[in-house]
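Engineer: Let me see the structure of the following:
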Amino acid sequence: MNEYFAQLFTNKYLIVPILTWFFIQTFKVIWDLVTTKKFNFKRILGAGGMPSSHTAVVMSLSTLIGKEYGFNSPIFALSMVFAFVVMYDAAGVRRAAGKQATLLNKIVETPGLSDLEVQERLVEVLGHTPTQVIVGAIIGIIVGAIF
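Structural biologist: Here you go, the predicted structure:
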C-alpha cells in the first residue's frame, strides 16, 4: 500500500500540473490583494482571471506527455484533445455563462424590474478571455518543458 502512495506522490504527471495550478491560483490571490487591497481567499479555488490555470494545467500535462512518449503518440493526441476541450470551455462556454450571470445579477438588483428575491449573487467570473487562455497555454508549455 505504501508503494502505491509513493508512486502517487512521485508521479510528475500529477505533481507538475497540480503545482502549476497551485502557483497560478496563489498568484491570482496575491494579484487581487495588490490591486484591490483586499484579501480574497476565494480566489485560490475560483475560476477566471489572468492567466487560465485550467489551460496551464492541461498544457503542462500534454507537454510532459509529449516529451516522454513522443509528440506523435496516441497518448499525446488524447491529452491535446482533452486540452483543447478545456480551453474551448474556458473561453467559450464558461465565459458566456459569466456574462449571463452579470446580466442576471443586474436584472435582479434593478428596483422595479424584478420581484425576485435572491439569496446570493451569481458568480460572474467563470471563464476566460482568449488572451487569458493563450497566456495559460504558454505558461503550461514552459512549465512542462522545464520539468
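Engineer: Go ahead and confirm L33 touches I44.
Structural biologist: No - L33 is not in contact with I44 according to C-beta atoms under 8 Å; the separation is 11.6 Å. Quick note: C-beta positions are derived from backbone N, CA and C, even for glycine.
Engineer: any idea whether G49 is helix, strand or coil?
Structural biologist: The three-state assignment at G49 reads coil, by DSSP: H, G, I helix; E, B strand; the rest coil.
Engineer: Tell me the spatial nearest neighbour of it, not counting adjacent residues.
Structural biologist: K28 (5.1 Å; C-beta to C-beta, 6 or more residues apart in numbering).
Engineer: can you tell me the helix or strand for that neighbour?
Structural biologist: helix 12-36 (DSSP states H and E).
Engineer: helices or strands next to that helix in the packing?
Structural biologist: Other elements packing on helix 12-36 under the criterion 3 or more C-beta pairs under 8 Å, 6 or more residues apart in numbering; DSSP states H and E are helix 53-69, helix 130-146.
Engineer: helices and strands of the chain: which one bottoms out on pLDDT?
Structural biologist: Lowest by mean pLDDT, DSSP states H and E among the helices and strands of the chain is helix 94-109, with a mean of 68.
Engineer: Would you mind finding the most buried of the helices and strands packed on helix 12-36?
Structural biologist: helix 53-69 (a mean of 23; mean count of other C-beta atoms under 10 Å).
Engineer: hang on, I141 packs against M59?
Structural biologist: Yes - at 5.4 Å, I141 and M59 qualify as touching, with contact defined as C-beta under 8 Å.
Engineer: Mutual contacts of these two, please.
Structural biologist: When C-beta atoms under 8 Å, 6 or more residues apart in numbering defines a contact, no residue borders I141 and M59 alike.
Engineer: Could you check what's spatially nearest to T26, not counting adjacent residues?
Structural biologist: Nearest to T26 is I44, by C-beta to C-beta, 6+ apart, at 6.8 Å.
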